[in-house]
Each structure stands twice: as C-alpha cells, then as structure tokens.
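**Student:** Provided below for reference: sequence and predicted model.
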Amino acid sequence: MGFLNGMLGLSSEADAEKVETQLQKILVAGEQVELAYQLVRDLTVLTNRRIILVDKQGLTGRKTEYVSIPYRSIVKFSVETAGHFDLDADVTLWLSGHTDPVKLELRRSGDVSELVRLIASHAC
C-alpha cells in the first residue's frame, strides 16, 4: 500500500530514528526529529525546532532540496481531516512574509492529532 499511497500523493509516517540518521548533516546541535512523513523519496520532518521539507529531484534523487520552516514563522494553520470518501487529511500552514500557504497531505490511516498537537505546541 506504500507505493500506491506514493502514487496517489499521500504521505505515510516514517521511522523518526532512521530519518534523524539520514538528516544528521543538516540538523543543528540539540535538534531531534519528533515526527516524519514519507512520500516515495520526499520527506516532511518535524523536529523540536523546525519543519524540514526534503524534496529529492531527478531520476536518481542525487539532487535534493531542503526547505526549513521555523515554527516561529507559522502565523496560522488549519487541519482538514479525512472523510469517508476522502483518502487524506490536509494540514495547511500560513507563513509570515509569504502569500501562498504550504500544504501537507497525509494518508487517512495516519493520526493527524499528534501532528497538530506538535505544531501547536511549537508555534503557539
């Protein structure tokens, strides 16, 4: 089902310890991965200091873009939970200084309450 979710564009929860090992080179001292979601090769990572979006590009995935969103830049956020016919839950983040929001899509089986609690605890 993981590949199908990837084809549909839905993220599923990833192992935080493995992700922390992968991102060791870009994490700052004392920064720890608290939650991570994976979409095929791309990652959405929530640490104790920021949200990191990892976008692997190209056929080989050797080129990688890292987008860092400090929690302090989140002005507001919304959550649209999965319904009976909808396969995903959407989390939308509005950032200070940006007109377009950042949208994260999570698969239905994932519990978004933990994600929302984590964002709220760091952003509020």
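**Tutor:** All right, it came through fine. Worth saying up front: this structure is predicted, and the values here are computed from it rather than measured. Numbering: from 1, shown residues only.
**Student:** tell me which stretches of the protein form helices.
**Tutor:** All helices of the chain, identified by DSSP state H, fall at 2-8, 16-22, 112-123.
**Student:** pull the helix or strand with minimum mean pLDDT from this protein.
**Tutor:** helix 2-8 (a mean of 40; mean pLDDT, DSSP states H and E).
**Student:** please name the spatially closest residue to the spatially most central residue of the chain (chain neighbours excluded).
**Tutor:** Most central in the chain under Cα atoms, centre = their mean is T44, positioned 2.6 Å from the mean C-alpha point. Closest residue in space to T44, ignoring its immediate chain neighbours: Y37 at 4.5 Å, by Cβ to Cβ, 6 or more residues apart in numbering. No exception for glycine: its C-beta is placed from N, CA and C like everyone else's.
**Student:** count of neighbours near the one you found?
**Tutor:** A count of nearby residues for Y37, using other Cβ atoms under 10 Å, gives 22.
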